[in-house]
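**Student:** Please find the sequence and the predicted model below.
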Amino acid sequence: MRNFALLACMLIASLLPAWARADDDQAPICADAEFVAAFNSAVELQALIDAPVADAAELMARGQTLLAFRQDKISPLPDCAEAIAIRRLLLQMSGDALARDALRLAPVPDQANPYLQRPDDQSRVDGAVSAMLGQDRSLALSPEDRVLPACADGQLNALERATDDLLALRMPAEASVAAIDRLLEWREADLPGLPYCDESQDLTRALNVAATDSAAQLAMELASLAGLFIPFADMLEESVADLTRWLGGRRAATAILSGAARSSIARDSQLPACATSQRADLRMSLLPDGDALLARSAAARTIDDLLDYSGDIVAFRDRRLAQLPFCAEAFYARWWLAEALADAITRQTLRLLTPGSVNLFFDEGAPGYADSRQALDRLAEALLLPARPASPGSSQCDQPELLSLVVYLLPEFWEFSRGALTAAYPEEAFDLVAPSYAMRQLLWEHLPRCQEALEIGLAMRAIAADALTMLVMELAGAPAGNIPYLGPIARDMRALFDGLSAFVSPCGSAAGGAGEYYVVAENIANVRDCGATNCGIVTTVSRGQQVNVLDDLGSWYEITLPSCETGFMAGFLLSKTPPG
């Protein structure tokens, strides 16, 4: 009968009360199966809370049942509009049912019970579900395609105010019906108006749980049941902790924005911004793990310690850093954590050899150490700031960027590498400290901020650091075969050559092209923007001029000009041999 009653009420969408209308209008609609699952959960919960409880024992039993229902049926509901609205309602109903019956056991008169002065559960379910009837679900997105928009500053400010207000409300001087009523009023007035964006989803859920279960906790205290049983205590504690942490981070971000500590980590990069979940992983997992590994350097006091520590560093780089996504903040973390770890092992090895005498670039406070440490601190600060929107365009390199890499940075790197990779004696490591640091700084400052150049730059950076570390460890007496950097150096050299194999001309033209040709026209020849005579003319070239042919298309050749532009020329106008 209850299913029939609900379905009947679903037909009366025009009677939907304003307080029950879904506030997640921007959320993607649910697919048919998702909507049915959410609807069935509402029916099932309604059946669980229909009958009033007679005593504290029955209340405890119902609490256990509802706790299991939250975990098994409510939490797994998907993040689509109707399921979000139903999940919010079911969380409230599960807490309210216990609180309502606890106040009846208190006893609190029905006319004073704040839960009985609000629409009953049947009306709440009927109203919420009726609005969802008639949706065209044929265009519902798949779960993996539901990308939430990043929260704007104004939306974050609204979330901050709501969180601050609720945390203040949930700590009254003493339990009272009035305190419960204020929490329920906040839930009715403030929760529906919160924004729909990436960061808001978990926060809104935590706010809903905190408001609902804080009110229920006060009801239990009024019924003298607090010490006996509070069914959702762990969930409430976790939600309040999440809200408190987020509010503290948000206020720290506001302080950073208002001061001089603004970070430019992502501002100058063509790389796309990292997603909110990726930024959270950097802040909550990668940076703390990296800091813990860095802190271990002080305990490496013997050559065996150094070998073990360097092995852990190499493993961390391969297992964690190399797996980071290619987005702006993650690239910054990958570069500077690798720098800090390289400096940590080199600094400790040099300290073991000659305490305090050769750590010009790697002692705490010296340029090498200070730069990597400050870079990581800037990253930690930046990850507290709101995520910037994704950068427009592509992160692929254009011709001038590749040209600057090949013509300017590559010769500098080869000059350093010749000295580092042909060192005959470990003692030569002393002469490589300053060049290694200078090479890495040069790369960081001048690498084009586009994907191919940065991938090549990562290999160059690793070679510049690891070659120095390997020599220093040999100098400290480590057997060459036990030093874990030889394999990474060989691997990075291969990666470097693979990355550079795309460049066979200063313009970065692809390997495997047809090569150099000469213009054999009588005087000048047209270069067109596609392979046909009706295509637009890009420029002209003179008889005898040399051009690089990228692809032989039959009667038309795709070419690269000295300006690094590409175009098309008729094949009969070009020859492998110069004109007579």
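**Tutor:** Perfect, thanks for sending it.
**Student:** can you pull out the strands in the chain?
**Tutor:** For the chain, applying DSSP state E gives strands covering 515-519, 524-528, 537-542, 546-552, 556-560, 566-570, 574-575.
**Student:** By mean pLDDT, show me the worst of those.
**Tutor:** For these, mean pLDDT drops lowest on strand 546-552, to a mean of 76.
**Student:** Sheet-wise, list the partners of that strand with their directions.
**Tutor:** Note on strand 546-552: by DSSP bridges, its sheet partners are strand 515-519 (antiparallel), strand 556-560 (antiparallel).
**Student:** CA atoms of the last one as PDB?
**Tutor:** I take that to be strand 556-560. Taking C-alpha atoms only, strand 556-560 is exported to PDB below (Å, rounded to 0.1, in the frame of the first residue of the first chain):
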ATOM      1  CA  TRP A 556      51.800  17.600 -53.000                       C
ATOM      2  CA  TYR A 557      54.500  17.800 -50.300                       C
ATOM      3  CA  GLU A 558      53.900  19.100 -46.800                       C
ATOM      4  CA  ILE A 559      56.900  21.200 -45.900                       C
ATOM      5  CA  THR A 560      58.500  23.200 -43.100                       C
END
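**Student:** Numbering from 44 from now on, please.
**Tutor:** Okay, using 44 as the starting number, the last item reads as strand 599-603.
**Student:** Now do the buried residues in that strand.
**Tutor:** Within strand 599-603, the residues that count as buried by 16 or more other Cβ atoms under 10 Å are 599, 600, 601, 602, 603. Placement of C-beta: from N, CA and C, glycine included.
**Student:** Return the closest of the residues you listed with respect to residue 570.
**Tutor:** Nearest to residue 570 out of those is residue 602 (Cβ to Cβ; 6.9 Å).
**Student:** Nearest residue to the closest one in space, please, no chain neighbours.
**Tutor:** Distance criterion Cβ to Cβ, 6 or more residues apart in numbering; nearest residue to residue 602, sequence neighbours excluded, is residue 590 at 4.5 Å.
**Student:** measure the one you found to residue 619 for me?
**Tutor:** Noted for residue 590: a distance of 12 Å to residue 619, by Cβ to Cβ, to the nearest Å.
**Student:** Residues that sit against both of those two, list them.
**Tutor:** 559, 560, 561 (Cβ atoms under 8 Å, 6 or more residues apart in numbering).
**Student:** Identify the residues contacting the last one.
**Tutor:** Contact analysis of residue 561 by Cβ under 8 Å, 6+ apart lists 587, 588, 589, 590, 617, 618, 619, 620, 621, 622.
**Student:** 10 Å - rerun?
**Tutor:** 584, 586-590, 616-622 (Cβ atoms under 10 Å, 6 or more residues apart in numbering).
**Student:** Please apply the same query to the second one.
**Tutor:** Each residue near residue 560 by Cβ under 10 Å, 6+ apart is listed here: 588-592, 595, 600, 602, 612, 614, 616-621.
**Student:** With the first one instead?
**Tutor:** For residue 559, the residues meeting the contact criterion (Cβ under 10 Å, 6+ apart) are 548, 589, 590, 591, 592, 617, 619.
**Student:** and of those, the nearest to residue 193?
**Tutor:** Top of the list for closeness to residue 193, among the contacts of residue 559 and by Cβ to Cβ, is residue 548 at 40.4 Å.
**Student:** Which residue comes closest to residue 159 once chain neighbours are left out?
**Tutor:** residue 153 (5.2 Å).
**Student:** From residue 225, how far out is that neighbour?
**Tutor:** Distance of residue 153 to residue 225, given as Cβ to Cβ: 20 Å.
**Student:** So between these two, which is more surrounded?
**Tutor:** Neighbour count, other Cβ atoms under 10 Å: between residue 153 and residue 225, residue 225 has more, with 17 against 12.
**Student:** I'd say residue 453 and residue 489 touch.
**Tutor:** No. Assessed by Cβ atoms under 10 Å, residue 453 is found out of contact with residue 489, at 11.3 Å.
**Student:** Give the intersection of the neighbour lists for these two.
**Tutor:** When contacts are counted by Cβ under 10 Å, 6+ apart, residue 453 and residue 489 are jointly contacted by residue 447.
**Student:** any idea which helix or strand of the chain has the worst average confidence?
**Tutor:** The helix or strand of the chain with the poorest confidence is helix 45-53; it has a mean of 37 (mean pLDDT, DSSP states H and E).
**Student:** nearest to residue 184, of the strands paired with strand 589-595?
**Tutor:** strand 599-603 (39.3 Å).
**Student:** Centre of the chain to the closest one, how far?
**Tutor:** Remark: strand 599-603 is offset 42 Å from the chain centroid, using Cα atoms, centre = their mean, to the nearest Å.
**Student:** related to what we said a few turns ago, columns distance to residue 375 on top of the strands paired with strand 589-595, output as a markdown table?
**Tutor:** Shown next, in a markdown table, are the strands paired with strand 589-595 (distance: least, Cβ to Cβ, whole Å):
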| stretch | distance to residue 375 |
| --- | --- |
| strand 558-562 | 40 |
| strand 599-603 | 33 |
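**Student:** Looking at the ones you listed, which is nearest to residue 160?
**Tutor:** Of those, nearest to residue 160 by Cβ to Cβ is strand 599-603, at 76.9 Å.
**Student:** Could you tell me the angle between the closest one and strand 580-585?
**Tutor:** Calculated by axes from the mean of the first three to the mean of the last three Cα atoms, to 10 degrees, strand 599-603 forms an angle of 80 degrees with strand 580-585.
**Student:** so what's residue 225 closest to, chain neighbours aside?
**Tutor:** With sequence-adjacent residues excluded and distances taken as Cβ to Cβ, 6+ apart, residue 225 is closest to residue 212, at 5.6 Å.
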